[in-house]
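# Build the 3D model from these lines:
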Amino acid sequence: MSQLTFARAINAGLRKALDNDPKVVLMGEDIGKLGGVFRVTDGLQKDFGTHRVVDTPLAESGIIGTAVGLAYRGYRPVCEIQFDGFIYPAFDQIVSQVAKMHYRTQGTVKMPITIRVPFGGGIGSPEHHSESPEAYFTHTSGLRVVSVSNPQDAYTMIQQAIASDDPVLYFEPKRRYHDKGEVDEALALDRALPMGSARVAAGGSDVTLVAYGPLVKTALDAALAAADEGVSIEVIDLRSLAPVDYPTVEASVRKTGRLVITHEAAQSGGLGAEIAASITERCFNYLEAAPVRVTGFDVPYPYSKLEMHHLPDLDRILDGVDRALGRPNSLSGLEG
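Residues are numbered from 1 along each chain as shown. Next up is the predicted model:
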């Protein structure tokens with residue numbers, strides 16, 4: 001076991017993928033000599049050369065278009081989008097070409113492209129540098145979408161994404177890059193939790209709390225705080241956003257009878273709405289209360305001084321738990 005930061009765990013996973021398969025190629029803005037703005041690819045160009053770790057022009061559409069051509073020729077390109085808000089110039093390539101090529105060619109052409117996207121808030125940056133665009137891509141058939149929450153998954157799932165013959169959007173919570181955790185670098189991919197599976201991060205019996213990416217840590221903190229008041233929260237780390245591992249979520253909700261979903265993205269049209277609707281359809285007779293969403297607001301990410309009011313935090317998540325339990329909460333107008 002190694003103690004690695006989130007960023008170093010991704011770096012180690014990329015290094016292993018480059019070592020294991022000469023067809024793996026990294027592409028992105030400033031990922032080579034600089035090592036990326038978050039230093040996630042630090043040292044990789046020095047060790048694998050400029051033909052394997054490629055500094056590209058500032059042109060996201062060109063990066064993804066080039067990756068499509070490389071995938072046609074049997075390569076496994078890994079593209080870094082420098083910041084979440086920079087992905088929109090590549091949107092047409094991703095949803096019109098990358099997502100549809102396998103279907104359009106009746107399975108003849110595969111698109112084993114991994115698109116790394118640092119996403120979310122918590123670093124004090126405004127829009128274009130702090131966004132949560134995941135719902136655009138979970139809505140697009142033909143794409144796998146994952147979001148990692150800890151160094152072990154960061155290490156394992158980047159390798160699983162690169163090994164997949166499907167295109168994968170790999171969302172990295174940028175405010176967790178410096179978080180440390182144990183990483184088993186000897187863990188074989190066939191022994192790891194499959195990329196499409198959710199994980200029960202903490203067991204509980206009163207409320208199911210679903211989170212992903214940057215908010216899994218906050219959800220676990222909320223579970224600890226709630227336990228002091230005698231409330232048992234089961235935390236589900238979704239991991240895969242498309243497809244969603246509904247059997248794991250269903251099993252938890254059938255046990256607890258209550259569901260809270262939290263994400264940084266805006267509430268309207270967010271992944272939380274889809275999960276709430278799907279679980280209501282699948283578990284209606286088991287629900288003791290309506291599902292609750294604790295999300296960002298329907299506004300652009302605010303500047304740093306206001307960001308703390310925008311991002312779901314411990315208090316807002318616990319307030320959502322109170323709503324699911326029918327306890328006094330911010331919407332009931334009752335004092336606790």
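# In PDB, could you pull the C-alpha coordinates for the lengthiest strand in the chain?
Counting residues, the longest strand in the chain under DSSP state E turns out to be strand 259-266. Written as PDB, here are the backbone C-alpha positions of strand 259-266 (Å, rounded to 0.1, in the frame of the first residue of the first chain):
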ATOM      1  CA  LEU A 259     -33.400   8.800  -0.200                       C
ATOM      2  CA  VAL A 260     -31.300  11.900  -0.300                       C
ATOM      3  CA  ILE A 261     -29.200  12.800  -3.300                       C
ATOM      4  CA  THR A 262     -26.500  15.400  -3.300                       C
ATOM      5  CA  HIS A 263     -24.400  16.900  -6.100                       C
ATOM      6  CA  GLU A 264     -22.700  20.300  -6.800                       C
ATOM      7  CA  ALA A 265     -24.400  20.700 -10.200                       C
ATOM      8  CA  ALA A 266     -27.500  22.800 -10.500                       C
END
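# and Pro243, what does it touch?
For Pro243, the contacting residues are 144, 196, by CB atoms under 8 Å, 6 or more residues apart in numbering. In this view, the C-beta of every residue, glycine as well, is placed from N, C-alpha and C.
# List the contacts of Leu311.
121-122, 264, 296.
# Can I get these in a markdown table including pLDDT?
Shown next, in a markdown table, are the contacts of Leu311 (pLDDT from 0 to 100):
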| residue | pLDDT |
| --- | --- |
| Gly121 | 93 |
| Gly122 | 92 |
| Glu264 | 97 |
| Gly296 | 96 |
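# Neighbour-wise, give me the winner out of these.
Among the contacts of Leu311, Glu264 has the most neighbours (other CB atoms under 10 Å), with 27 neighbours.
# can you give me the helices for the protein?
6-20, 44-48, 60-72, 91-92, 101-104, 134-138, 151-163, 215-227, 246-256, 271-283, 304-310, 314-325 (DSSP state H).
# Export these to TSV and append columns for mean neighbour count and distance to Ala188.
Converted to TSV, the helices of the chain look like this (neighbours: other CB atoms under 10 Å; distance: least, CB to CB, whole Å):
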stretch	mean neighbour count	distance to Ala188
helix 6-20	21	11
helix 44-48	16	22
helix 60-72	19	25
helix 91-92	14	36
helix 101-104	15	27
helix 134-138	21	29
helix 151-163	24	10
helix 215-227	21	24
helix 246-256	18	22
helix 271-283	18	30
helix 304-310	13	40
helix 314-325	21	35
